[in-house]
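[1] no sequence on this one, just coordinates:
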Ligand code: 16G
Ligand code: ZN
């Protein structure tokens, strides 16, 4: 390893700054990230040499404020960076300038990386003002190790994941361009819509809150490819408002109210993207002004019901499961298990955990309540569906198989994708002739409340059972159990955040007052 790394001194690490590769990469104020970006350029090259594949680097801080930024690496099939490499990322980011060559050499040795192997890095960024410069710093890191890169510029996070997967599968997943993404999804959407019974017609009207971010930009580009049955009205497009400020999926989910800047009329359906368009939630208001949120749990239920019905119609015996997190509303879990008879599993918060679990099934539907999710189809499932299309079979079975095929193509299986999820949901609602209210009525959410609690050291809390119970500090779980017993149909848990220096508290109960009171009492127990 060369003693001096090219450009390294142009990306100095601020003294005494320490950062960590968290649940979704590095995230902090943008001003602290220049050296991290350069070093992630270096790491992406090593990961690319190791995997002999194209590796992605996405510059974004998702739903966090505009002043923040972040970076995450995308692995060959479009998944999150392998967890074993997260520690290399943290070590590299925190190395002092003079230690950097040695830390790099250490990774090369530990991973037995062949340095003469070619490397390719694909870079994308969101619309934050800091993102362009930060992505140039990533490029400096790639060039410092004399490697090739492609700068895809402004893209949504899931678009970059899609491109990485396409590039590493010789185009079998799709054409590795933004136009290729639009064409694949639009063709699938249009094919699904064409399957609607003759009695269904008219136009779907949807208000979309773009969180003043990249999703709005990309949805506009995509619209021309879609059948005119979908009439999208975009709000918070980013011309004047600030990214994620009083708008976007996270704001709507946490605040349980509509975003600013949207003129919400009773019964009209709306959805909100987050800042990098990998999350989506739906909402509407009633005539009396009551606000209704349809979150990731409602989305998972809608999609898994649709797929299950198609599997039955097609006569396919495929194992489908839904993966949720501790935040999933108890009503959704009960509905899926008891009414739908679909097995439900709980994973730790963070896409990588849900994704991993969902890979165990023929069809794994995973959604976090916050609206991040997708559906994974195993190779065997895809093959069985294709095979059915090639066989002599009844028209009904063939039609169901064709719809399953289009659904697979419409879903971005690499990661949760607001645009793709939105099109899946819209197609399902259209095909079933469902309004947003009817969808909402499938089950009723239990009232719930989330709080953040600031403590001296959040690491004193350790959890088990997919974060639903604490094992440390001693006595805390017993206290929570006692509190939960006081309320009807209640559940509560606490977990240290993976992205902020806080502890999160969640409670649900039979009434909003009880959920609020329980969350409050549990918060006090955390101190
Ligand atoms: C990150 C995760 C998201 C998770 C959230 C939890 C990814 C791509 N994103 O944003 O899935 O819900 O962290 O944050 O994995 P918390 O640990 O601060 O509650
Ligand atoms: Zn996001």
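    Cool, the structure landed. Please read these numbers as outputs of a predicted model, since none were measured by experiment. Ligands and ions are numbered 1, 2, ... in the order given.
[2] can you pull the contacts of the residue of the stretch 101-250 of the chain at minimum distance from ligand 1?
    Using C-beta to the nearest ligand atom, residue 157 is the residue of the stretch 101-250 of the chain that sits closest to ligand 1, at 7.6 Å. For glycine as for every other residue, the C-beta is placed from the backbone atoms N, C-alpha and C. For residue 157, the contacting residues are 58, 60, 62, 124, 126, 276, 277, 278, 415, by C-beta atoms under 8 Å, 6 or more residues apart in numbering.
[3] count of residues packed around whichever residue of the stretch 301-450 of the chain sits closest to ligand 1?
    In the stretch 301-450 of the chain, the residue that lies nearest ligand 1 is residue 351 (3.5 Å; C-beta to the nearest ligand atom). Residues near residue 351, counting by other C-beta atoms under 10 Å, number 21.
[4] now residue 12
    The tally of other residues near residue 12 (other C-beta under 10 Å) stands at 12.
[5] roughly how far apart are it and ligand 1?
    Distance, residue 12 to ligand 1, using C-beta to the nearest ligand atom, to the nearest Å: 28 Å.
[6] Do I have it right that that residue meets residue 97?
    Yes. The pair residue 12 / residue 97 is scored as a contact, 6.4 Å apart, by C-beta atoms under 8 Å.
[7] So for residue 256, what's the pLDDT?
    Here the pLDDT value assigned to residue 256 is 89.
[8] quick one: the closest residue to it other than its chain neighbours and ligand 2, what's the gap?
    Spatial nearest neighbour of residue 256, chain neighbours left out: residue 293 (5.8 Å); criterion: C-beta to C-beta, 6 or more residues apart in numbering. In this view, residue 293 and ligand 2 are 18 Å apart by C-beta to the ion, to the nearest Å.
[9] what about residue 293, distance to ligand 1?
    Applying C-beta to the nearest ligand atom, the value for residue 293 to ligand 1 is 16 Å.
[10] elements contacting the one helix or strand that residue maps to?
    Taking DSSP states H and E as the criterion, residue 293 maps to strand 291-294. Here strand 291-294 touches strand 280-285, helix 436-440, going by 3 or more C-beta pairs under 8 Å, 6 or more residues apart in numbering; DSSP states H and E.
[11] okay, these, which one's buried deepest?
    strand 280-285 (a mean of 25; mean count of other C-beta atoms under 10 Å).
[12] Is that one positioned near ligand 1?
    No. Judged by C-beta under 6 Å from any ligand atom, strand 280-285 makes no contact with ligand 1; its nearest approach is 12.6 Å.
[13] State the mean pLDDT of that strand.
    The model assigns strand 280-285 a mean pLDDT of 98.
[14] quick one: contacts of it?
    Here strand 280-285 makes contact (C-beta under 8 Å, 6+ apart) with 249, 252-253, 258, 264-274, 291-296, 298-299, 370-371, 418, 421-422, 425, 436-437, 439-440.
[15] just checking, which of those residues belong to strands?
    Of these, the ones assigned to strands by DSSP state E are 270, 271, 272, 273, 291, 292, 293, 294.
[16] List buried members of the residues you listed by neighbour count.
    Buried subset of these (neighbour count, 16 or more other C-beta atoms under 10 Å): 270, 271, 272, 273, 292, 293, 294.
[17] What residues are bridge-paired with the nearest residue to the second one once chain neighbours are set aside?
    Just to be clear, that refers to residue 271. The spatial neighbour of residue 271 that comes closest, neighbours along the chain excluded (C-beta to C-beta, 6+ apart), is residue 282 at 4.7 Å. On the basis of DSSP bridges, residue 282 is bridged to residue 271, residue 294.
[18] Is the residue nearest to residue 74 when sequence neighbours are not counted in a helix, a strand, or coil?
    Leaving aside its sequence neighbours, residue 74 sits nearest to residue 56 (C-beta to C-beta, 6+ apart; 3.0 Å). Secondary structure, DSSP: H, G, I helix; E, B strand; the rest coil: residue 56 is strand.
[19] Settle this for me: residue 56 is touching residue 162, isn't it.
    No. Contact criterion C-beta under 8 Å: residue 56 and residue 162 do not qualify, at 9.9 Å.
[20] Which neighbours do those two have in common?
    Common neighbours of residue 56 and residue 162 (C-beta under 8 Å, 6+ apart) are residue 78.
[21] tell me which parts of the protein are close to ligand 2?
    For the chain, the contact set with ligand 2 under C-beta under 5 Å from the ion comprises 62, 274, 276, 278.
[22] Cross-check those residues against ligand 1 and keep the overlap.
    Within the residues of the chain next to ligand 2, those near ligand 1 by C-beta under 6 Å from any ligand atom are residue 62.
[23] Now render the residues of the chain next to ligand 2 as CSV, adding neighbour count.
    Below are the residues of the chain next to ligand 2 laid out as CSV (neighbours: other C-beta atoms under 10 Å):
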residue, neighbour count
62, 28
274, 35
276, 34
278, 32
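[24] Among the residues of the chain next to ligand 2, which lie within strands?
    Per DSSP E, strands hold no members of the residues of the chain next to ligand 2.
[25] re earlier: could you find which two of the buried ones among the ones in strands among the contacts of strand 280-285 are furthest from each other?
    273 and 292 (18.4 Å; C-beta to C-beta).
[26] mind showing which ranges of the protein have poor pLDDT?
    Scanning the chain for pLDDT under 70 picks out 1-3, 199-201.
[27] Domains in it, by residue range?
    8-154, 182-293, 296-419+434-440, 448-526 (automatic domain parsing).
[28] Let me have these in CSV, adding distance to residue 169 as columns.
    Conversion of those to CSV gives the following (distance: least, C-beta to C-beta, whole Å):
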stretch, distance to residue 169
domain 8-154, 8
domain 182-293, 13
domain 296-419+434-440, 11
domain 448-526, 30
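[29] So for residue 170, which of those sits nearest?
    Among the domains of the chain, the nearest to residue 170 by C-beta to C-beta is domain 8-154 (11.4 Å).
[30] got the end-to-end distance for the closest one?
    25 Å (C-alpha to C-alpha, to the nearest Å).
[31] From here on, call the first residue 21.
    I'll keep to 21 as the first residue from here, and by that count the last item is domain 28-174.
[32] roughly how far apart are residue 313 and residue 300?
    For residue 313, the distance to residue 300 equals 12 Å [C-beta to C-beta, to the nearest Å].
[33] and what of residue 478?
    Look at residue 478 and residue 300: by C-beta to C-beta, they are 29 Å apart.
[34] Residue 310: how many residues sit nearby?
    Neighbour count for residue 310, taken as other C-beta under 10 Å: 9.
[35] Over to residue 122?
    Residue 122: 11 neighbours (other C-beta under 10 Å).
[36] Let me know the helix or strand that it is in.
    Per DSSP H and E, residue 122 falls inside helix 120-130.
[37] was I right about residue 370 contacting residue 45?
    No. Between residue 370 and residue 45 there is no contact under C-beta under 8 Å: 10.9 Å.
[38] ok, those two, which is more surrounded?
    The residue with more neighbours, out of residue 370 and residue 45, is residue 45; 25 against 19, by other C-beta under 10 Å.
[39] Please name the residues that touch the more buried one.
    Residues near residue 45 by C-beta under 8 Å, 6+ apart: 78, 90, 91, 92, 93, 101, 109.
[40] Next, work out how far apart it and residue 529 are.
    35 Å.
[41] Next: residue 383.
    Residue 383 is 33 Å from residue 529, where distance means C-beta to C-beta.
[42] Repeat that for residue 156.
    From residue 156 over to residue 529 the distance is 50 Å, taken as C-beta to C-beta.
[43] Between those two, point out the one with more neighbours.
    Ranked by neighbour count (other C-beta under 10 Å), residue 156 and residue 529 place residue 529 first, with 25 against 17.
[44] what does the stretch 221-370 of the chain have sitting close to ligand 1?
    Residues of the stretch 221-370 of the chain that fall close to ligand 1, judged by C-beta under 6 Å from any ligand atom: 369, 370.
[45] Chain neighbours aside, what residue packs nearest to residue 179?
    In space, and not counting its chain neighbours, residue 179 is closest to residue 201: 5.6 Å by C-beta to C-beta, 6+ apart.
[46] What about the one you found, how many residues nearby?
    28.
[47] try residue 117
    If you count neighbours by other C-beta under 10 Å, residue 117 ends up with 13.
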